[in-house]
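Visitor: everything below, folded, please.
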Amino acid sequence: MEKTITLRIVEDDERIREMLRAVFIATPGMHVLDAHGSVEEALGRMDKHVPDVVLMDINLPGRDGIDGVREFSQHWINAQFLMYTVNDTDDKVFEALKAGANGYLLKNSTPEQIVQAVREVNEGGSPMSMSVARRVVKHFRPSTSLARSELGISLTDREFGVLESLAQGLLYKEIAGRMTITEGAVKQHIHRIYGKMHVNNRTEAVNRYFGR
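Guide: Numbering: from 1, shown residues only. This is a model prediction of the structure:
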């Protein structure tokens, strides 16, 4: 039996906060520990149960979500932080990632994409909405991407296809659909890719892929 993923939500919009709570309550294997309207409110409950995943808005009253990630990550060392925001400007994306965010999801994501992203970040992945992933790729991309042989590692055709899909910001389920394989097979390929590239997550893999 799979371990239940525990979550904390930090979102000031009550309607969105309750929507997220309802999505996770309806999803087997997920449990919402608490939902907060601000970083300050969440800080007041920091001594309670440590979550597996924190779903964090950026534009919050008082201290913003990026500052929240910096603060929480010092106390909830094993927690994964998934930004959930309307803000996809370059400075906010990279500031959040530098602060310790493990993924970046936009608020136009479907409930299915939200659930998939939570599962992925809990498993050590770095889920990003496609437009955000493209910004990250653009930031690291030289005039032309490295040829496979220039990576200095040996990837199979299937592994290289999975790597390119990761660079495009696709979620595991979307990669599986594109390549007509199971999500389990996608995860196995990604595990092997990370091992060959000596990286730990999607961002590092994309960085290496584009030669930075």
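Visitor: low-confidence ranges, this structure, go.
Guide: Low-confidence segments of the chain, defined by pLDDT under 70: 1-2, 134-153, 209-212.
Visitor: now the strands: where do they sit in it?
Guide: Listed in chain order, the strands of the chain (DSSP state E) span 5-10, 30-36, 53-56, 80-85, 103-106.
Visitor: and E40, how far from D64?
Guide: For E40, the distance to D64 (CB to CB, to the nearest Å) stands at 11 Å. Placement of C-beta: from N, CA and C, glycine included.
Visitor: and what of A117?
Guide: A117 sits 21 Å away from D64, going by CB to CB.
Visitor: who has more neighbours out of the two?
Guide: The neighbour comparison of A117 against D64 (other CB atoms under 10 Å) goes to A117, with 25 against 20.
Visitor: hmm, the more buried one is touching L106, no?
Guide: No. Assessed by CB atoms under 8 Å, A117 is found out of contact with L106, at 10.4 Å.
Visitor: next, the contact list for E18, please.
Guide: A35 (CB atoms under 8 Å, 6 or more residues apart in numbering).
Visitor: hey, which helix is longest across this structure?
Guide: helix 183-197 (DSSP state H).
Visitor: buried ones in that helix?
Guide: Neighbour-count burial for helix 183-197 flags 183, 185-187, 189-190, 193-194, 196-197 (criterion: 16 or more other CB atoms under 10 Å).
Visitor: would you mind splitting the chain into its domains for me?
Guide: By the assignment in automatic domain parsing, the chain contains the domains 5-127, 137-209.
Visitor: still on that earlier bit, now the buried residues of helix 183-197 in CSV, with distance to L170?
Guide: Converted to CSV, the buried residues of helix 183-197 look like this (distance: CB to CB, whole Å):
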residue, distance to L170
E183, 12
A185, 14
V186, 10
K187, 13
H189, 13
I190, 11
I193, 14
Y194, 16
K196, 20
M197, 18
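Visitor: can you give me the helices in the chain?
Guide: Under DSSP H, the chain gives helices at 14-25, 39-43, 65-75, 90-99, 111-122, 130-140, 157-167, 172-179, 183-197, 202-209.
Visitor: any idea which of those helices gets closest to N59?
Guide: With CB to CB as the measure, helix 65-75 is the member of the helices of the chain nearest N59 (7.4 Å).
Visitor: show residues contacting the closest one.
Guide: Applying CB under 8 Å, 6+ apart, the contact partners of helix 65-75 are 10, 39, 42-43, 46, 54, 56-60, 63, 79, 81, 83, 85, 92, 95-96, 99-101.
Visitor: dig out what L55 forms beta bridges with.
Guide: Listed by DSSP bridges, the beta-bridge partners for L55 are I9, L82.
Visitor: do I have it right that it meets E11?
Guide: Yes. Counting by CB under 8 Å, E11 is a contact partner of L55 at 7.4 Å.
Visitor: what touches both of the two?
Guide: Residues within reach of L55 and of E11 at once, by CB under 8 Å, 6+ apart, are 20, 84.
Visitor: can you give me the distance of the residue nearest in space to the middle of the chain to N201?
Guide: Centroid-nearest residue in the chain: G103, 2.3 Å away (criterion: CA atoms, centre = their mean). To N201, G103 is 9 Å away according to CB to CB.
Visitor: tell me, what's touching the two both at once?
Guide: Common contacts of G103 and N201 (CB under 8 Å, 6+ apart): 125-126.
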